[in-house]
Structure formats: structure tokens, C-alpha cells
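Q: Give the three-dimensional model of this entry:
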Amino acid sequence: MGDLGRHRRNWCIGAAMAGLAAALWLAPVAHAQATGGPSVTFDLSSAEQPRDVAVVLQILFLLTVLSLAPAILMLTTCFTRIVIVLSFLRRALGTNQTPSNQIIVGLSLFLTFFIMAPTWKEVHERAIRPYLAGEFQPIQRSVARDGETASETVTPFQQAVEAALSPMRNFMFAQLGDKGESNVVLFLGMSGRPTEVQTLDDIPTYVLVPAFVVAELHRAFIISFLLFLPFMVIDIVTSSILMSMGMIMLPPVLISLPFKLLLFVMVDGWTLLVDNLGRGFA
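A: Below is the predicted model:
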């Protein structure tokens with residue numbers, strides 16, 4: 001009987017706590033309804049106008065872009081080159097997990113924000129601010145379809161997207177170089193489009209992005225190779241000295257690590273590396 005009474009008492013206390021939690025959770029909702037606060041509603045009814053469908057599609061598109069934002073940030077900015085170079089630098093120094101992955105990614109992100117600030121400012125001035133201010137108006141534009149010219153309506157949202165893509169495309173075109181131009185020709189041929197283009201506008205974005213990424217990988221590996229050379233020389237010299245002294249069981253990395261750190265600090269390696277990475281995107 002004592003256990004039964006204890007269980008009932010515990011059940012009553014739990015029910016009272018659950019009721020109190022529900023009251024505290026529902027109180028802000030009831031207050032917002034009483035004071036006319038903002039609320040969000042979801043309606044699954046059928047659309048009555050084509051405009052309603054367009055708004056829903058725009059929302060879905062925005063949600064998709066937000067979910068792909070990390071990939072877009074990595075593949076259309078200078079983040080790829082910076083994070084690869086910093087990762088190879090850590091391997092060249094032989095410091096294992098120092099700096100940690102969080103520090104390398106964080107430094108790469110902040111350097112990306114710094115380098116891309118002028119481009120993103122142009123995106124804001126040309127696309128985001130006019131769109132929010134309602135400066136874009138629907139326009140009619142002629143397009144070529146199956147050898148025929150047709151007219152289509154360009155919505156303000158489409159105009160904002162095109163205006164936002166222009167500065168990003170200019171940035172990627174500026175960083176292509178000779179290797180990037182050959183990559184553009186490669187991806188144009190793979191997509192079945194003519195490899196000879198008259199203007200840069202003839203190159204679609206889905207061709208430009210992979211060409212830019214491959215060019216960034218190529219350049220990042222070249223920089224990493226140059227970073228490895230001085231540290232590799234220190235490792236070779238240290239290994240040769242240890243072998244000549246008969247210290248076969250002593251790991252050469254253990255002896256060369258302080259000398260590599262000393263060399264990197266003496267030449268102010270972090271400042272030199274960040275400076276050259278930033279100038280590479282100027």
C-alpha cells in the first residue's frame with residue numbers, strides 16, 4: 001500500500017508539472033492573440049491564381065538556396081583555395097592537429113568574408129537593396145526558343161537574381177586564368193554547347209562554377225607545393241644528420257619540428273601567407 005500511495009503521489013506531481021509547463025508554453029500564444037501580435041499560418045488549400053503558385057515556388061527556391069548555402073559559399077568564393085592551403089601548411093609543419101580544424105575553417109571563413117566584402121557589397125547594392133525597395137518592375141523580354149523569338153515576362157525576383165549573379169560571375173571570371181579558360185572550354189564541350197563564345201555572357205553559370213572550382217584546386221595545390229619545399233629541406237637535412245650519427249631509432253620529425261616552427265616564426269609566416277593569399281585575389 002505504501003508503494004501504491006507513493007506511485008500515485010508521484011503521478012499527481014508529474015501531472016501537475018506537465019500542466020504547469022503547458023500553461024507556461026501556451027501563455028505567450030494566448031497573449032499574442034489577445035494583443036494582436038504577429039502569427040504564422042500554413043494553408044494547404046489550392047491556389048486560385050498563378051501568382052500564388054509563383055510565390056510558393058519562390059519560397060521553395062529560397063529554402064533550397066539556404067540549405068545549399070555552405071556549398072555555394074565554398075564553391076563560388078575564395079574559401080576553397082584558402083582552406084586547402086592552410087590544411088597543407090599544417091601537414092608541412094608536421095604539427096598534426098595544431099591548429100585544429102575549427103581554427104583553420106574559422107580563419108578561412110573570416111578571410112573569405114574580408115576578401116569577398118567588395119563583391120558582396122556590390123551584390124547588395126545592385127540586387128538586394130533595390131529588390132527590397134521595390135525598384136524592380138515586371139518587364140517583357142525577347143528570348144530565342146527553338147529558332148524562334150518569343151516574349152516572356154521577367155519578374156522582379158528574377159531580375160534580382162540576375163543582378164546578384166553578375167558580380168559573382170565577374171569575380172569568378174577574374175580568377176580563372178589560363179587554366180580556368182581551358183576548363184571552361186572543357187565543360188562547354190561536355191555540356192554539348194559550342195566551345196567558341198563571343199562574350200562572357202554566353203558562358204552559363206553551371207559551366208562557370210565547376211571551371212572556377214577546378215582552377216582554384218589547381219592553384220591551391222601549386223601554392224601548397226611551394227610551401228612544402230623549405231620544410232621538406234629541413235626534414236631531409238635532419239634525417240641525414242641523424243643517420244650519420246647512428247641515431248636510427250630517433251624519429252627525425254621530433255628533431256625537425258622545432259626548427260620548422262622556428263623558421264616559420266622568424267619569417268613571420270602567418271602574416272606573409274595571409275598577405276599573399278589576399279593579394280592573389282586582388
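
Q: CA only for contacts and neighbour counts going forward, please
A: Noted.

Q: Please look at residue 81 and residue 220 and confirm they touch.
A: Yes - between residue 81 and residue 220 there is a contact under Cα atoms under 8 Å: 5.0 Å.

Q: Those two - which one has more neighbours?
A: Neighbours per residue (other Cα atoms under 10 Å) separate residue 81 from residue 220, with residue 81 holding more: 24 against 20.

Q: how about residue 139, phi and psi?
A: phi -130, psi 160 (degrees, to the nearest 10).

Q: That one - how many residues pack around it?
A: 11.

Q: try residue 157
A: Number of residues near residue 157 (other Cα under 10 Å) recorded here: 18.

Q: List the residues that contact residue 194.
A: With contact set as Cα atoms under 8 Å, 6 or more residues apart in numbering, residue 194 has these partners: residue 188.

Q: For the host helix or strand of residue 224, list every residue counted as buried.
A: Secondary structure assigned from DSSP states H and E places residue 224 in helix 205-244. For helix 205-244, burial by neighbour count (16 or more other Cα atoms under 10 Å) applies to 207-216, 219-220, 223-224, 227-228, 231, 234-235, 238-239, 242.

Q: Please state the offset of that helix from the chain centre?
A: 23 Å (Cα atoms, centre = their mean, to the nearest Å).

Q: residue ranges with poor pLDDT in the stretch 1-150 of the chain?
A: Scanning the stretch 1-150 of the chain for pLDDT under 70 picks out the ranges 1-56, 58, 142-150.

Q: hey, where'd the helices end up in this protein?
A: 2-35, 50-67, 69-75, 79-93, 101-123, 129-133, 156-174, 177-190, 205-244, 252-266, 269-280 (DSSP state H).

Q: mind checking which of those helices is nearest residue 199?
A: helix 156-174 (11.8 Å; Cα to Cα).

Q: Just list the residues touching residue 106, thanks.
A: By Cα under 8 Å, 6+ apart, the contact set of residue 106 is empty.

Q: Nearest the geometric middle of this structure, what residue?
A: For the chain, residue 73 is the residue whose C-alpha lies nearest the centre (Cα atoms, centre = their mean; 1.9 Å).

Q: That concludes my questions; thank you for your assistance.
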